[in-house]
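need a 3D model of the following:
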Amino acid sequence: MQRLFHDQPIPDELRGAIIALGNFDGFHLGHQAVVGRAVQRGAHERRPVIVATFDPHPVRHFRPDTPPFRLTTLDQRERLFAQAGADAMLVFNFGAELASTTAEDFVAGILADRFGAAGVVTGEDFTFGKGRGGNAEVLRVQGATYGIGAETVEAVLIDGVRISSGRVREALQAGDPGAATKMLTRPFAIQGTVIHGDKRGRDLGWPTANVELGKYLRPKYGIYAVRVTLDNGSEHAGVANLGVRPTFDPPTELLEAVLFDFDGDLYGRTIEIALHHYLRPEMKFDSLDALKAQMDADAREARRLLMPSLRA
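Numbering: from 1, shown residues only. Here you go, the predicted model:
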């Protein structure tokens with residue numbers, strides 16, 4: 001899959017594409033419906049399909065002090081878009097220039113002139129342009145002037161409630177990764193490079209792979225049953241602590257994962273840690289023996305949940 005940027009020319013073979021336009025952070029069922037319709041149109045009209053996304057998120061531009069809230073990195077989104085059948089990912093680098101671009105100029109100057117878009121698919125609540133001056137109706141009317149066929153896709157509901165990235169975030173912050181998985185169609189996963197820690201896990205008999213949380217949303221702190229995908233594609237069940245480790249000073253925010261039945265050096269490698277089950281909140285222990293006993297219990301419970309053969 002090709003990665004394009006809005007301020008750079010696009011290859012000739014991708015002009016005349018159908019563009020799925022949105023933020024698509026998390027790529028939940030609602031996002032998948034929008035991209036799925038774009039892919040369907042692309043196949044029917046024999047046109048390439050581009051999925052557009054914004055990075056940084058516009059919220060970061062207008063409210064820079066907002067706590068981290070991202071559900072996916074650009075790399076994760078690119079992989080998900082490719083799996084959905086898109087030919088390219090288009091990244092809008094959101095800053096002052098885009099923030100000041102009117103809806104009309106966005107359609108005429110960017111979609112029509114720069115990209116030569118033949119069609120655009122959005123969610124029904126999509127807004128764009130300076131002051132959010134553009135919406136689905138503006139896109140439909142303005143797009144028609146330039147031969148761009150714009151259409152919207154209705155929201156996807158679960159139990160009568162609209163799926164949104166906000167609802168996914170709420171589920172994760174409530175310690176309900178199962179609800180998030182239902183909306184995302186896969187577990188929420190944090191990708192990062194394994195860094196050196198203080199080696200306390202190794203001293204306790206549980207060596208950990210430590211990953212910084214970066215720009216990701218902070219799910220509820222606690223212990224999780226996880227599956228860890230390595231950069232060679234292999235997957236390993238495990239247990240992870242997400243939080244600040246209150247037993248130790250100074251508090252350090254990390255995602256620390258123990259991979260079951262794995263023995264190898266992961267430092268410097270990129271891994272992805274998927275949160276499957278929330279086991280318990282973080283706790284402060286009076287002794288390392290008490291901590292180790294709880295870690296052993298957490299590992300047994302994680303194995304039971306992730307490995308059906310152990311549920312007897």
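
now do the strands in this structure.
With DSSP state E as the criterion, the chain has strands at 2-5, 18-21, 49-54, 88-92, 119-123, 149-153, 157-158, 161-162, 189-193, 209-211, 222-229, 235-243, 254-259, 270-280.

sheet-wise, list the partners of the fifth one with their directions.
Its sheet considered, strand 119-123 pairs with strand 18-21 (parallel), strand 149-153 (parallel) by DSSP bridges.

would you mind finding the most buried of those?
strand 18-21 (a mean of 28; mean count of other C-beta atoms under 10 Å). Yep, even glycine has a C-beta here, placed from its N, CA and C like the rest.

pLDDT on it, on average?
For strand 18-21, mean pLDDT is 98.

ok now it, how far from the chain's centre?
19 Å (C-alpha atoms, centre = their mean, to the nearest Å).

contacts for that strand next, please.
34-35, 37-38, 41-42, 45, 47-52, 86, 90, 111, 115, 117-122, 126, 128 (C-beta atoms under 8 Å, 6 or more residues apart in numbering).

do that again at 6 Å, thanks
Contact partners of strand 18-21, identified using C-beta atoms under 6 Å, 6 or more residues apart in numbering, comprise 34-35, 38, 41-42, 47, 49-52, 117, 119-122.

in a markdown table, list the strands paired with strand 119-123 along with distance to Phe81.
Converted to a markdown table, the strands paired with strand 119-123 look like this (distance: least, C-beta to C-beta, whole Å):
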| stretch | distance to Phe81 |
| --- | --- |
| strand 18-21 | 8 |
| strand 149-153 | 16 |
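
of all the ones you listed, which lies closest to Ser164?
Minimum separation from Ser164 across the strands paired with strand 119-123 (C-beta to C-beta) falls at strand 149-153, 13.8 Å.

so for that closest one, mean pLDDT?
96.

off-centre distance for the lengthiest helix in the chain?
Among the segments of the chain that qualify as a helix by DSSP state H, the longest is helix 288-306. Centroid separation between helix 288-306 and its chain, computed with C-alpha atoms, centre = their mean, is 29 Å.

re the thing from before, winner for burial among the strands of the chain?
strand 18-21 (a mean of 28).

for Asp105, grab the count of nearby residues.
Neighbours of Asp105 under the rule other C-beta atoms under 10 Å: 15.

from Phe106, how far out is the closest residue to it other than its chain neighbours?
In this structure, Asp105 finds its nearest non-sequential neighbour in Gly129, 7.7 Å apart by C-beta to C-beta, 6 or more residues apart in numbering. According to C-beta to C-beta, to the nearest Å, Gly129 and Phe106 sit 5 Å apart.
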